[in-house]
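Mind folding the following:
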Amino acid sequence: MKQHRCDACEKSFDSAEALAMHNKSKHPEEVKNPLLSSRTKKRIRNWSIFFIIAGLIGWGIVALIPEKVIGDSSAVPSEPIHWHPRLTITINNQKETIPANIGISGVHQPIHTHDSTGTLHYENNRPTLENMRLGFFFEVWGKKFNSTCIFDNCNNDSGTVKMFVNDKENFEFDSYIPKDRDDIRIEYISKEN
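Residues are numbered from 1 along each chain as shown. Below is the predicted model:
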């Protein structure tokens, strides 16, 4: 014998007439307006909850991603620039001198120094991702700098390299594209200090 099931409460009945009587007495609102069965409404509700939760999880993941992706070509200016970010390097709380005239002897590099104040001169008629990176300055200088080393001081059991831009820790290191008047601080602190 075929069973007839109520969509609203999922009870089973032996005949269509018994189901109709049940629906009329127990679920009159659905008998009058059967556009969506109770089961369909439950499915819509459940899927809606699923998509809302999935959307919130996705939004949370996106919110945790850093604002600027490392090597982001959209951070490269499209016009010639003349910027002056300031760079300070400290090794165990001792300030390192950034020499004058880095990048000026022979070919005038698009990033260079004029004095030993730590002011970097970005004088660049054709900025590119490669020549705008902070790491490019260190390449011109002939010094090591990346997420694990500053000069000969590297992350290991004895110390750590950190970088701050405008007093906020920055994890882009050599990939960072400085802006005009940025205050960039690179520090290495050994665990003995």
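
Skip ahead from the longest helix along the chain and say which helix or strand is next.
Taking DSSP state H as the criterion, the chain has its longest helix at helix 38-64. Sequence-wise, the next helix or strand downstream of helix 38-64 (DSSP states H and E) is strand 81-83.

where along the chain do the helices fall?
Residue ranges of the helices in the chain, as given by DSSP H, are 16-26, 28-32, 38-64, 129-132, 134-141.

OK, contacts around residue 151?
Residue 151 is in contact with 91, 96, 143, 144, 145, 188, counting by CB atoms under 8 Å, 6 or more residues apart in numbering. Where you see a C-beta, it was placed from the backbone N, CA and C, and this is true even at glycine.

let's see it at 6 Å
For residue 151, the contact set (CB atoms under 6 Å, 6 or more residues apart in numbering) comprises 143, 144.

again, but for the one 5 residues further on
Contacts for residue 156 (CB under 6 Å, 6+ apart) come out as none.

ok, it to residue 150 distance?
According to CB to CB, to the nearest Å, residue 156 and residue 150 sit 13 Å apart.

try residue 126
29 Å.

and these two? which has more neighbours close in?
Neighbours were counted for residue 126 and for residue 150 using other CB atoms under 10 Å; residue 150 has more, 24 against 9.

Quick check: bridge partners of the more buried one?
Beta-bridge pairing for residue 150 (DSSP bridges): residue 145, residue 153.

Would you mind splitting the protein into its domains for me?
What the record gives for the chain is the domain set 4-64, 73-190, from automatic domain parsing.

quick one: average pLDDT of the first one?
Averaging the model's pLDDT scores along domain 4-64 yields 80.

try stretch 75-91
pLDDT averaged over stretch 75-91 gives 93.

Extract the C-alpha trace of it and format it as CSV.
In CSV, the C-alpha atoms belonging to stretch 75-91 read as follows (Å, rounded to 0.1, in the frame of the first residue of the first chain):
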residue,chain,number,x,y,z
ALA,A,75,51.6,50.0,-5.8
VAL,A,76,54.0,51.1,-8.5
PRO,A,77,53.4,54.7,-9.6
SER,A,78,52.6,55.1,-13.3
GLU,A,79,54.3,58.5,-13.6
PRO,A,80,57.8,59.8,-12.8
ILE,A,81,58.5,60.3,-9.1
HIS,A,82,60.8,62.2,-6.8
TRP,A,83,60.2,60.7,-3.4
HIS,A,84,62.2,60.8,-0.1
PRO,A,85,61.5,57.9,2.3
ARG,A,86,63.8,57.7,5.3
LEU,A,87,65.6,54.5,6.3
THR,A,88,67.1,53.7,9.7
ILE,A,89,69.0,50.4,10.4
THR,A,90,69.8,49.3,13.9
ILE,A,91,71.8,46.3,14.9
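
In terms of secondary structure, what does the longest helix of the chain contact?
Helix 38-64 is packed against no helix or strand, with contacts defined by 3 or more CB pairs under 6 Å, 6 or more residues apart in numbering; DSSP states H and E.

got the buried residues for that helix?
Buried residues in helix 38-64, defined by neighbour count with 16 or more other CB atoms under 10 Å: residue 38.
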